[in-house]
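Visitor: predicted coordinates and the sequence they were generated for:
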Amino acid sequence: MTALLEVAGISKRFGGLLAVDNATFSVDAGTITSLIGPNGAGKTTAFNIVSGFLKPDGGGIAFRGEAVEGLEPFEIARRGMARTFQDPRVFPEMSVIDNVVVGVRQKGERPLWAVLRGAEVDAQWKRARERAETILARVGLIDRRNEQASALSFGEQRFLSIARALVGDPQIVLLDEPTVGLDRASFGKLVELMKHLVTDGKKTILLVEHNMDVVMSISEKVVLMVQGGVVASGAPAEVRAHRSMVEAYLGKRHVASGQ
Ligand SMILES: Nc1ncnc2c1ncn2[C@@H]1O[C@H](COP(=O)(O)OP(=O)(O)O)[C@@H](O)[C@H]1O
Ligand SMILES: [Mg+2]
């Protein structure tokens, strides 16, 4: 069976720095795959390449069996890939629900801005709002839907950004450190949400996450990046036991003396 997402030997250079170095990994449909590694390992750069925000210097990406490297972000999004950024990136002056409505993908329909007048526009707005409300209920923000996004706490803005990613009904969602900065209660809610998205929502998640307890408990597969390259990938227990894991997080000297 081919994977939903196949990343084959992608590279990205920033001046003298090889930020992503011939990285290869795959994500199976209906799973959570976690991309881990120390700060600066190239995880966000890899996300940016996969989602079309950066052009790779080399390598290929197949999504649902089709080559997508070099496509624009909106083209990749239209094929069913959504992402969040490390910062929540909501529109602060818009209402919570409007933040989500703007993310509604017009499947096979004319885009909202192309519909000039009449009943059709009302029907489309109604559908978009209903869809946004469903997603807001799912992330626990339905009661806040008419407030300005700026009135939300940092954690709530994080959930709002996830709602925006979900509203287009993507097949795969790329989440870049979604738990960072969350209090304990929101943290727990987010972990549950990710599990539900996969089990009930039939989504696939590619996750960048620093909390190893989360990574090891919810991932089907873990991909370890160090200095731009993938140094280990496989089942959580396999990667946790990998020599590169100790080197990556504790330094090489620890391996020499401690193992
Ligand atoms: N736009 C950029 N220009 C120059 N260097 C960058 C850029 N983006 C990232 N880098 C560098 O590339 C390396 C990988 O960064 P990043 O992908 O953000 O790592 P991670 O997400 O794993 O912490 C880092 O050394 C970072 O400073
Ligand atoms: Mg990052």
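Guide: Good, I have the coordinates. Ligands and ions are numbered 1, 2, ... in the order given.
Visitor: residue 211 touches residue 179, doesn't it?
Guide: Yes. At 6.0 Å, residue 211 counts as touching residue 179 under the criterion of C-beta atoms under 8 Å. Glycine gets a C-beta too; all of them are placed from N, C-alpha and C.
Visitor: who has more neighbours out of the two?
Guide: Shown here are residue 211 and residue 179; by other C-beta atoms under 10 Å, residue 179 has more neighbours (19 against 14).
Visitor: need the three-state assignment for the more buried one.
Guide: The three-state label for residue 179, taken from DSSP: H, G, I helix; E, B strand; the rest coil, comes out as coil.
Visitor: quick one: it from ligand 2, how far?
Guide: Here residue 179 is placed at a distance of 13 Å from ligand 2 (C-beta to the ion, to the nearest Å).
Visitor: mind listing the residues bridging to the residue nearest the centre of the chain?
Guide: Most central in the chain under C-alpha atoms, centre = their mean is residue 174, positioned 1.5 Å from the mean C-alpha point. Counting by DSSP bridges, residue 174 is bridged to residue 83, residue 206.
Visitor: and it, what is it in contact with?
Guide: If you count contacts by C-beta atoms under 8 Å, 6 or more residues apart in numbering, residue 174 has them with 47, 50-51, 81-84, 205-207.
Visitor: helices of this structure, start to end?
Guide: 43-50, 73-78, 96-101, 119-138, 154-166, 184-199, 212-218, 236-240, 243-250, 252-258 (DSSP state H).
Visitor: re the thing from before, any chance of the contacts of residue 174 in JSON lines, plus distance to residue 147 and neighbour count?
Guide: As requested, the contacts of residue 174 are exported to JSON lines (distance: C-beta to C-beta, whole Å; neighbours: other C-beta atoms under 10 Å):
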{"residue": "47", "distance to residue 147": "30", "neighbour count": "22"}
{"residue": "50", "distance to residue 147": "33", "neighbour count": "26"}
{"residue": "51", "distance to residue 147": "29", "neighbour count": "23"}
{"residue": "81", "distance to residue 147": "29", "neighbour count": "26"}
{"residue": "82", "distance to residue 147": "24", "neighbour count": "23"}
{"residue": "83", "distance to residue 147": "25", "neighbour count": "22"}
{"residue": "84", "distance to residue 147": "21", "neighbour count": "22"}
{"residue": "205", "distance to residue 147": "28", "neighbour count": "23"}
{"residue": "206", "distance to residue 147": "31", "neighbour count": "27"}
{"residue": "207", "distance to residue 147": "28", "neighbour count": "24"}
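Visitor: would you reformat the residues you listed as a markdown table and include pLDDT?
Guide: Converted to a markdown table, the contacts of residue 174 look like this (pLDDT from 0 to 100):
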| residue | pLDDT |
| --- | --- |
| 47 | 97 |
| 50 | 98 |
| 51 | 97 |
| 81 | 97 |
| 82 | 95 |
| 83 | 94 |
| 84 | 94 |
| 205 | 98 |
| 206 | 98 |
| 207 | 98 |
